[in-house]
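Asks: dropping the sequence and predicted coords here.
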Amino acid sequence: MIWAKKTFQRGDYGSDFDRFERLFNALNGPKEMMMIVANRDDMAGQDVFICVPSRSSLSSFEGFQETAATSLPERASALICHQDEFEKRFKLPSER
């Protein structure tokens, strides 16, 4: 699985959301595959992270840069994923 990140203006990730959802459904929703969003500390935008099965899958997402799993945020909001997999990795922004 490949993690990648792209910064958006708040809520401006709709076309990538739709593209990810189509891929997720076409692959029958792999448990490890997810799309999450984290607010930036500077409040200037949001970082959207995707986890896709391969680099060839990633090539469908313009502007997303591959990133290490170790650089993922601790807190995020789920966009598309299996909730149980999300909860294994992330805390919600409001959790302490």
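Replies: It's in. Residues are numbered from 1 along each chain as shown.
Asks: how about the strands of this protein, start to end?
Replies: Ranges of strands within the chain are 2-8, 34-39, 46-52, 65-67, 77-80, based on DSSP state E.
Asks: let's have those in JSON lines, adding distance to G14 and mean pLDDT.
Replies: Glycine gets a C-beta too; all of them are placed from N, C-alpha and C. Conversion of the strands of the chain to JSON lines gives the following (distance: least, Cβ to Cβ, whole Å; pLDDT from 0 to 100):
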{"stretch": "strand 2-8", "distance to G14": "9", "mean pLDDT": "94"}
{"stretch": "strand 34-39", "distance to G14": "12", "mean pLDDT": "92"}
{"stretch": "strand 46-52", "distance to G14": "11", "mean pLDDT": "95"}
{"stretch": "strand 65-67", "distance to G14": "20", "mean pLDDT": "96"}
{"stretch": "strand 77-80", "distance to G14": "11", "mean pLDDT": "94"}
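Asks: show me where pLDDT drops low in the chain?
Replies: Judged against pLDDT under 70, the low-scoring parts of the chain cover residues 11, 41-43, 94-96.
Asks: what are the ranges of the helices in it?
Replies: Ranges of helices in the chain, per DSSP state H, are 14-26, 55-58, 83-89.
Asks: returning to that earlier point: nearest to L92, of the strands of the chain?
Replies: strand 77-80 (6.8 Å; Cβ to Cβ).
Asks: now the closest one: buried residues?
Replies: Neighbour-count burial for strand 77-80, counted by 16 or more other Cβ atoms under 10 Å, picks out 78-80.
Asks: picking up where we left off before, looking at the strands of the chain, which is closest to A26?
Replies: If you check each of the strands of the chain against A26 by Cβ to Cβ, strand 46-52 wins as the nearest, at 11.8 Å.
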